Each structure stands twice: as C-alpha cells, then as structure tokens.
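> Would you be able to build a 3D model of this:
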Amino acid sequence: MTSLEIRRLRFDLDGDIPFIWNPDNPTFSVFTNAVSVIAVVFEKLIVATTREAIPLIDDPDTRSEAEAFLRQEAQHANAHRQHIGALVRSYPGLADMLAEATACFDRLIETAPLDFRLAYTADLEATFTPLFKLLLDNEATLFAPGDERVASLFLWHFVEEVEHRSSALIVYDALVASRTRRVRALPAILKHMNEAFLIVVDGFNRHVPESDRIIDARRALPAMSWADLRRPRVAPAAFAHLPTRQKVTALARILESQAPWHDPARQPLPQFADVWFARHAAGADVAHWYSAAADPK
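Down below sits the predicted model:
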C-alpha cells in the first residue's frame, strides 16, 4: 500500500490576492504565479494520464501508489485554480491566458501516446525534489515575507511534491520497459513546457498592468529549453540572493534527475518538509502557516 496521505485543505483565497504577493521579490512572485497556472494545466495532464494508466497496472501496490498520486495532484490543481481565480477577479484578461494554456495541454492529452505522457510526467516530477528543496531550504526569505495565504498554498504543494517524489517514475516503470525512452523524450517535453510558460508570462504582460506586476514577466521564465540544459545558468533572477553553492547543487541534481539511473527516493530532502508534516499531523492550521505558528494557543 502507498504511504501517501491525501490532505484536503482549504486555503483563504476568496479575497483580493496581490499579484506581487512577496514585495521583497517581485520576480519570485511572478515565477510562482506562473507555477500556479502550470500546476492547473500540467496536473490535468497528470490526472488524465495516470487515470488512463491505472487499469493497465497489474501490481496492486503500484496501482495503489498511482491512485494516491492522482488524488494528491487533483488536490493541488483544485487549490491552484482558486489562486488563479483570485487573480482573474482582479485581471479578467487572465482567463484568456488560462484558456490558452489549458488548450496547450489538452492538445497533448488528445494526441500524444500514453508512453510519452508518462515520460513527460516522470521527467518533470523528477526535477521537483531538488528544485523545491532549494526553495524550502530558503523558506525564510522566499515565502515568509509574502502574503501568508499564497505562501501557505505553495508550502503545502511543494512538501507534497517531495512526498510523492517517486510516484511518477513508479507508474512509468510499471508500463514502459525502457528508461532510455524517458530520456529521449526530454527535448520534446522541454519544448512543450517552454511553450506553455511563454503563454503564461506573455499573458501576464498583456493583462496585468506594469504598475502591478513591477517587472517584465519574461524575467521570471525558468530555464526550460534544450539549449538551456546544454548551457545551463545557475538560477533565474528570482533566486539571485540565494547561496551560490545551494543553487549549483540544485542545478546539478536537476540535471542528474533526467538520467536513466535516477532514483528519486535517494534524493536529499528539505528539513522544512518534516516540520510541515509534523505540524499538520498535530492538527495545526497549515493553511495559515505563519500566523498559526505565532499563535501561543
């Protein structure tokens, strides 16, 4: 049986949510806003692909892992849809951007074979543990200074991505005999994901006034092209203040995550994840991460 836990949390996203939710780091704010959109559309791909794969999996433990993985990802998509909904209330044109990004992934769901979509999921999910370890290891500067509602959403999402770090590859291995096919799919995966991010950041530039977004949203675009992998940069501008050694280590682990021998279960994990899981298990209000921690009750 899987060890993944399905946590149904309600985040306080009904009110006005600032586009630059961390004023100390506008680029990180735009980057994470883009991640929120990608979470909605990419996790639609994950859910559709995993749902298609489950009936084909013979091993009951693997099937249980796939079902829990699917359910966690569906929870993430629902929560990020609330975040994007809040931004759309302030900037209605973003609804067109979301529709365009959704169509970008819908075309892939409709036309790409199952093995490619499994590889897409496994390749991207493999990068998340080293990336989110970098972010969570620097939670005090990246999240704590920002709007607690948005910060709490991302903290929850990122620790659960670490929790199910092996799930996508487990599902892939159950149905695709060759790990090298996952590697061969990488250029096409990066090309598609880069197209999706461009849709998002260009939509931000079109529909959010510069006075509200502060920066050209393309500055927040992550390295998602094949050329970027051949000539990698240490980190995007959103992480400029983070320790160089941590950034170099994260980049090396992200690149290594695409190797055929990669084992997500052996990756070093952020200590913050243990703190988050312990507080959730104790019944703390993790949807208001910082104010709940400050409450002496």
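> Do a quick rundown of the helices in the stretch 1-150 of the chain.
Remark: helices assigned in the stretch 1-150 of the chain by DSSP state H, counting those that start in this stretch are 26-53, 60-90, 94-111, 114-137, 139-142, 148-163.
> Quick one: the ones you listed as CSV, columns for distance to residue 199 too.
In this view, the C-beta of every residue, glycine as well, is placed from N, C-alpha and C. Below are the helices of the stretch 1-150 of the chain laid out as CSV (distance: least, Cβ to Cβ, whole Å):
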stretch, distance to residue 199
helix 26-53, 9
helix 60-90, 13
helix 94-111, 5
helix 114-137, 16
helix 139-142, 25
helix 148-163, 21
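> Among the ones you listed, which comes closest to residue 180?
Closest of the helices of the stretch 1-150 of the chain to residue 180 is helix 114-137, at 10.4 Å (criterion: Cβ to Cβ).
> What residues of the closest one count as buried?
115-137 (16 or more other Cβ atoms under 10 Å).
> what's the answer for stretch 142-159, then?
Across stretch 142-159, burial judged by 16+ other Cβ under 10 Å covers 142-143, 146-159.
> and the two most separated of these?
So, the buried residues of stretch 142-159 by Cβ to Cβ: farthest apart are 147 and 159, at 18.6 Å.
> Looking at the buried residues of stretch 142-159, spot the one nearest residue 81.
Among these, residue 153 lies closest to residue 81 (Cβ to Cβ), at 11.1 Å.
> who's in contact with residue 112?
Listed by Cβ atoms under 8 Å, 6 or more residues apart in numbering, the contact partners of residue 112 are residue 120.
> mind redoing it with 7 Å?
Neighbouring residues of residue 112 by Cβ atoms under 7 Å, 6 or more residues apart in numbering: there are none.
> same question, the one 4 residues further on
Taking Cβ under 7 Å, 6+ apart as the definition of contact, the neighbours of residue 116 are residue 185.
> How about the one 10 residues further on?
The contact partners of residue 126, by Cβ under 7 Å, 6+ apart, come to 169, 257, 258, 262, 264.
> The residue nearest to residue 203 when sequence neighbours are not counted and residue 142: what is the separation?
Excluding the flanking residues, the one nearest residue 203 by Cβ to Cβ, 6 or more residues apart in numbering is residue 97, at 2.7 Å. Distance of residue 97 to residue 142, computed by Cβ to Cβ, to the nearest Å: 24 Å.
> next one: residue 86
Separation of residue 86 from residue 142 (Cβ to Cβ): 20 Å.
> Same check on residue 32?
9 Å.
> what's the answer for residue 51, then?
In terms of Cβ to Cβ, residue 51 sits 33 Å off from residue 142.
> With residue 16 instead?
22 Å.
> cool, and residue 197?
Counting by Cβ to Cβ, the gap from residue 197 to residue 142 is 19 Å.
> Same question for residue 221.
18 Å.
> give me the low-pLDDT residue ranges for the stretch 151-297 of the chain?
Along the stretch 151-297 of the chain, segments meeting pLDDT under 70 span 223-236, 293-297.
> For it, which segments count as helices?
167-175, 179-184, 186-207, 210-213, 226-230, 244-256, 271-281, 289-294.
> Name the stretch among those that sits most buried.
Most buried of the helices of the stretch 151-297 of the chain, by mean neighbour count (mean count of other Cβ atoms under 10 Å): helix 167-175, with a mean of 22.
> list the helices and strands that helix packs on?
With contacts defined as 3 or more Cβ pairs under 7 Å, 6 or more residues apart in numbering; DSSP states H and E, the packing partners of helix 167-175 are helix 26-53, helix 60-90, helix 114-137.
> which strands and helices sit next to the second one?
Right, the one you point to is helix 60-90. helix 26-53, helix 94-111, helix 148-163, helix 167-175.
> and it, average pLDDT?
The average pLDDT for helix 60-90 rounds to 95.
> how far does it sit from the chain's center?
11 Å (Cα atoms, centre = their mean, to the nearest Å).
> buried residues in that helix?
Going by 16+ other Cβ under 10 Å, helix 60-90 has these buried residues: 62-77, 79-88.
> the inter-axis angle of that helix versus helix 114-137?
Interaxial angle of helix 60-90 relative to helix 114-137 (axes from the mean of the first three to the mean of the last three Cα atoms, to 10 degrees): 70 degrees.
> Not counting sequence-adjacent ones, nearest residue to residue 179?
Closest to residue 179 by Cβ to Cβ, 6+ apart is residue 260, at 3.8 Å.
> er, residue 257 I mean
Once flanking residues are discounted, residue 257 sits nearest to residue 126: 3.9 Å by Cβ to Cβ, 6+ apart.
> Good, we can wrap up now.
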